[in-house]
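J.: Predicted model and sequence below, questions to follow.
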2 protein chains.
Amino acid sequence: MKTIQIGLLGLGTVGSGVLQMIQENQAKVAKVTGCELKVKRVLVRHPENYQAVADQVALTSDVDELLNDDDLQIIVELMGGIHPAQEYIEAALKQHKNVVTANKDLIAVAGPQLSQLAQANHCDLMYEASVAGGIPILRTIANSFAADEITAVKGIVNGTTNYILTQMTQQHWSYAQALSKAQELGFAESDPTNDVTGKDAAYKMVILSQFAFGTDVQTSDFKVTGIDQLQAFDVAKAQDFGYVIKLIGLAQVANGGVFVEVAPVLVAQSHPLAAVQNENNAVMVTGKAVGDTLFYGPGAGGLPTANSVLSDITTVTKNLVLQTNGNQFNNYHQHYVPAAPTDVKYPYYLSLTMPDIPGQMLQLTQIMTDLGASFSEIAQEPASDGETAHVVIITHTMDEQQLHAFQARIEQSPTLTLQAAYKVLN
Amino acid sequence: MKTIQIGLLGLGTVGSGVLQMIQENQAKVAKVTGCELKVKRVLVRHPENYQAVADQVALTSDVDELLNDDDLQIIVELMGGIHPAQEYIEAALKQHKNVVTANKDLIAVAGPQLSQLAQANHCDLMYEASVAGGIPILRTIANSFAADEITAVKGIVNGTTNYILTQMTQQHWSYAQALSKAQELGFAESDPTNDVTGKDAAYKMVILSQFAFGTDVQTSDFKVTGIDQLQAFDVAKAQDFGYVIKLIGLAQVANGGVFVEVAPVLVAQSHPLAAVQNENNAVMVTGKAVGDTLFYGPGAGGLPTANSVLSDITTVTKNLVLQTNGNQFNNYHQHYVPAAPTDVKYPYYLSLTMPDIPGQMLQLTQIMTDLGASFSEIAQEPASDGETAHVVIITHTMDEQQLHAFQARIEQSPTLTLQAAYKVLN
């Protein structure tokens, strides 16, 4: 039986998972691909720290030992970060080595150019693990929606924030309390900035948009709002109205353009995304023909992510057998046209504070009426200080332009303050 | 640009959907595959009834006009039923034509031998649409779990019964009422036997077991219980305990063997499968590495099913471009070893009736104790006639052998009657 030799860059949680899975599932992989997989060399910064695996693989801190090893047909990059991961991947592709990576930051920033480089060198570049950990979402979109027109992708694509939001919802904790608990349990890093500001989710939406719509949208093209300003008050009010707040990555077609956003969204409790708890992820893909489909699973973790890496490795291996490497993982490309703000329409949850004096609701109603917008549900409660009232509203459908005009009008008001404005998903 | 010519067998709901999707999504398919798709000929019984499409395709009632047309590279079988679909597919494969089918009955019965015939003729045989309509579950298992060990597949794979069960749960209707409503709305056929007896779900579990475990299990190898004997009483009691009753297709590995069953199961309300409503389907795939993943979407309908057919057609087309046809859709094969009854363990919901006289609960408790089984929750209510008590129990985990012994002991009891015994999924 033919042996496919692999080089690993990095041996952290996911790298160790890959090593373990290749050893444990050798027999099944051989049945499916007709080949044996073998990790030959591993790049680590300090080989002396990995003596436990030194008898199975050659450890080195010199990347050239992998790049110049002609036996290696697949390089698996699991170091993370843009540099030097990008340079190593480019060098591997130029040496005609197929590359598998889990690096969402890099793929979001340089995916299309790396894919072109891979194709030019007749190599595969696959990155299933870069989005939603163990959920096989990219390959599914590429293979199973190839003949359908995808109209929307809505995802819970960051496990840390979903864990924090689940705790805020279930335990009625503040953001700070929930973050602290998540850090204690290892669901959030000591510096959680990339997760809680929505940056990590934004990278994933860039990649999902490439697969769903073919468009090379960048994170700088769309608005990203994290959960770090989210108030326990709004989580509770949302629940009163029958919603849970989730950090949603939204990418949709609107009148020929594409709209992308990452933001807290009120999701109706009956919606399949509302049931996604803790560190799990889920992506809802809506096709014109197929309707709503949902893909759910663990969004992170060593073994789930390793499984996605292995699905790439087995696909590359099948291609090696068939000698069909060099086709792009995603070969759907279209010019990115941003959607017009008037074409993106949602109901909104608006949270406002105002002095508890006559005329404030009239002022608010007047602004909404001027903009052609209207209320669906409204709840007012006097604040504990007896001077400031808190009003929350679910509006009927408004477009982005109406929302911006509303925000500007409230900004001008001497008495009304907009505390939060979140989209509503029914 | 190269044109791939297609012949359709059958032009019902799914066939019309395929025709429509090929026309509407031509541009996207061309971007992804580099080829244009064209349906050239369609087999229908009465060509004169399809004059609306007569200007687009050649209609014929003679299958040989398709089988002998050398231009056709893909035959799409959407007639359903075993005969003559099987003979037509065999003839097409022998003419070296690739075949796509949505025919679950045929694939469940003859899938492996047809796959071998396809391989021997260097042709593809794909059947994504045969399981769970619009959900791309087969290709996902084949591609994305190739290096993981799947330990269980649990599915709601029949839309008709899920619609009936949703109505029984939400409206508190009897089975007969809910079936009648489903028929009125077109969610159930006038002869619903295949759906409500679990036969349709059993076919799908055969195919899912082939992909998940590589085993060629047959419907005659496992127990199939439908929903046609399900009582509104048990649906209501399950709700009281915090469960919903779903028709679950279950296939799992237990101590090296494989256990398959189709039966009503109590699913905890917090379980992702509990939220699958109406005619939707969902399949939960549990991998040793990846953990629980769930794939949700429309289980039937012309366009969703057509989308799965199209995903097969585009895959065959890519293979035609790469000249890699002839690899089996599922190339994981293992010998089927049935699981030992003592290795399959679940809690059970038991519903019993007994005369409302002293000593009955003692008798029941004695039987459970003798078998080493025990109660987790119990509820007794006097029946309306004042003479018969109805006792429902959720047990702690029992194995299949204990359950069978329990059923036998109750059978021997002159006073106790077992009305229902359903597995419980937490």
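T.: Cool, got the structure.

J.: Can you give me the neighbour number for residue A:411?
T.: 10 (other Cβ atoms under 10 Å in any protein chain shown). Just so you know, the C-beta spots here come from the backbone N, C-alpha and C atoms, and that holds for glycine as well.

J.: wait, what's in contact with it?
T.: Applying Cβ atoms under 8 Å, 6 or more residues apart in numbering or on different chains, we find residue A:411 in contact with residue A:418.

J.: okay, whichever strand or helix holds it in PDB with CA atoms only?
T.: Secondary structure from DSSP states H and E places residue A:411 in helix A:400-412. These are the backbone C-alpha positions of helix A:400-412, laid out as PDB (Å, rounded to 0.1, in the frame of the first residue of the first chain):
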ATOM      1  CA  GLU A 400     -30.300  50.100   7.200                       C
ATOM      2  CA  GLN A 401     -30.800  53.600   5.900                       C
ATOM      3  CA  GLN A 402     -33.800  54.200   8.200                       C
ATOM      4  CA  LEU A 403     -31.800  52.800  11.100                       C
ATOM      5  CA  HIS A 404     -28.900  55.200  10.400                       C
ATOM      6  CA  ALA A 405     -31.300  58.100  10.100                       C
ATOM      7  CA  PHE A 406     -33.000  57.000  13.400                       C
ATOM      8  CA  GLN A 407     -29.600  56.900  15.100                       C
ATOM      9  CA  ALA A 408     -28.700  60.400  13.800                       C
ATOM     10  CA  ARG A 409     -32.100  61.900  14.900                       C
ATOM     11  CA  ILE A 410     -31.600  60.400  18.400                       C
ATOM     12  CA  GLU A 411     -28.100  61.800  18.500                       C
ATOM     13  CA  GLN A 412     -29.500  65.200  17.900                       C
END
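
J.: What average pLDDT does that helix get?
T.: Mean pLDDT, helix A:400-412: 96.

J.: now stretch A:378-387
T.: Averaged across stretch A:378-387, the pLDDT comes to 80.

J.: Contacts for it next, please.
T.: So stretch A:378-387 is contacted by A:237, A:240-241, A:353, A:355-356, A:361, A:389-394 (Cβ under 8 Å, 6+ apart).

J.: if we take the residues you listed, which one ends up nearest to chain B?
T.: Each of the contacts of stretch A:378-387 was scored against chain B by Cβ to the nearest Cβ, and residue A:241 proved nearest at 19.5 Å.

J.: Now do the residue sitting furthest away from the middle of chain A against chain B, distance only.
T.: Among the C-alpha atoms of chain A, the one most distant from their mean position (Cα atoms, centre = their mean) is that of residue A:358, at 45.2 Å. Per Cβ to the nearest Cβ, to the nearest Å, residue A:358 is found 45 Å from chain B.

J.: Spell out the secondary structure type for that residue.
T.: Look at residue A:358: counting by DSSP: H, G, I helix; E, B strand; the rest coil, its state is coil.

J.: low-scoring pLDDT stretches of the stretch 301-426 of chain A, where are they?
T.: Across the stretch 301-426 of chain A, the ranges flagged by pLDDT under 70 are A:383.

J.: could you pull out the helices for it?
T.: A:302-322, A:360-370, A:400-412 (DSSP state H, counting those that start in this stretch).

J.: Reformat the ones you listed into a markdown table and put distance to residue A:191 next to each item.
T.: Below are these laid out as a markdown table (distance: least, Cβ to Cβ, whole Å):
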| stretch | distance to residue A:191 |
| --- | --- |
| helix A:302-322 | 20 |
| helix A:360-370 | 39 |
| helix A:400-412 | 31 |
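
J.: Would you mind finding the most buried of those helices?
T.: Across the helices of the stretch 301-426 of chain A, averaging neighbours per residue (mean count of other Cβ atoms under 10 Å in any protein chain shown) puts helix A:302-322 on top, at a mean of 25.
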